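K.L.:
Sequence and predicted model, in that order:
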Amino acid sequence: MTYVLLILGVLLSFAFVYFMRPTNNGDLKLLLAFSGAFLLSLTIFELFPSVYAISDSKTIGVYIMLGMLLQVFLEFFSKGAEHGHMHLDVEKANFPWLLFVSLSIHSLLEGFPIKTHDHLIYGILIHKIPIAMVLGIFLLNSKIKIIHAVLFMVLFSLMTPFGNYMAVHFDFATKYYAPITALVIGVFLHISTIILFESSEGHKFNLRKLVVIILGIIIAYSL
Ligand SMILES: [Zn+2]
Ligand SMILES: [Zn+2]
């Protein structure tokens, strides 16, 4: 079920972009802001306590910072796709390997903690929908062949389920639960805070955005 939800979430978002060709960026930004607040809250309410409860806090802190640095590094190649925008060249027609590999590492990692935190699936799912839409818009506007765009999205949709599969079936995932989860916490802290900061244009007061952020926090708290 986890796998189906994650795969469908990505593929349906891509299909939506393909058929509807949405032009209203405002709604996408609101969805992004909600997903950022929701993911950040789940990280703080659920992931943080689970790792600090079982390990030395300084070691965990180091892994969290490493996760943040890893995400900074990945974004040199993905140009920010994980947090909802793209600065890649749309004129290129080649399969975007660097983008694909960096997104895959990110997505694979975030599949791991779903095994022990059921609610996280909703956070990741809601985070993937705007990301898949942004990716879809980029791929469809680029000169990349449609078959490659579809292949990209299908493989991308499989990465988080595959990470979850590894967490369930491989012993190392259980043995290194705390460091792996701490890495993912770092990744989530980085992307979710960037989503929240970048979606406020010129720091103008935006009531709708504030409301969805507060909603994201309340829903994560009440899960
Ligand atoms: Zn950015
Ligand atoms: Zn992600």
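P.N.:
Good, I have the coordinates. Ligands and ions are numbered 1, 2, ... in the order given.
K.L.:
Please make it C-alpha for all contacts and neighbour counts, starting now.
P.N.:
Will do.
K.L.:
Longest helix in the protein, please.
P.N.:
Counting by DSSP state H, the longest helix found in the chain is helix 146-169.
K.L.:
which residues touch stretch 176-192?
P.N.:
Residues outside stretch 176-192 that contact it (C-alpha atoms under 8 Å, 6 or more residues apart in numbering) are 35-37, 39-40, 43, 47-48, 51, 54-55, 60-61, 63-72, 82-83, 106, 109-110, 112-113, 173.
K.L.:
Could you list the buried residues of it?
P.N.:
Neighbour-count burial for stretch 176-192 flags 177-192 (criterion: 16 or more other C-alpha atoms under 10 Å).
K.L.:
So what's the gap between stretch 64-76 and the chain middle?
P.N.:
In this view, stretch 64-76 has its centroid 13 Å away from the chain centroid, taken as C-alpha atoms, centre = their mean, to the nearest Å.
K.L.:
what's it in contact with?
P.N.:
With contacts defined as C-alpha under 8 Å, 6+ apart, stretch 64-76 is touched by 81-82, 102-103, 106, 182-191.
K.L.:
May I see the buried residues of stretch 160-180?
P.N.:
Using 16+ other C-alpha under 10 Å as the test for burial, stretch 160-180 gives 160-168, 173-174, 177-180.
K.L.:
V211: which of those is nearest?
P.N.:
Relative to V211, the closest of the buried residues of stretch 160-180 is T160; by C-alpha to C-alpha it sits at 29.1 Å.
K.L.:
For that closest one, list the residues it contacts.
P.N.:
L6, S107, L108, L109, E110, G111, F112.
K.L.:
check contacts around the fourth one.
P.N.:
The reference is to L109. T160, G163, I180, V184.
K.L.:
any idea how far the helix or strand hosting it is from the chain center?
P.N.:
Remark: L109 resides in helix 97-111, with elements defined by DSSP states H and E. The gap between where helix 97-111 is centred and where its chain is centred comes out at 10 Å by C-alpha atoms, centre = their mean.
K.L.:
so which two of the contacts of L109 are the farthest from each other?
P.N.:
T160 and I180 (14.2 Å).
K.L.:
Could you pull out the helices in this protein for me?
P.N.:
Listed in chain order, the helices found in the chain under DSSP H are 2-20, 25-42, 48-54, 57-78, 97-111, 120-141, 146-169, 171-175, 177-198, 207-222.
K.L.:
and of the buried residues of stretch 160-180, the nearest to V212?
P.N.:
For these, the nearest to V212 is T160 (25.4 Å; C-alpha to C-alpha).
K.L.:
Return the per-residue confidence for the closest one.
P.N.:
pLDDT, the model's per-residue confidence, is 95 for T160.
K.L.:
For R21, which non-adjacent residue is spatially closest?
P.N.:
Take R21 and drop its neighbours on the chain: the residue closest to it by C-alpha to C-alpha, 6 or more residues apart in numbering is I137, 7.8 Å away.
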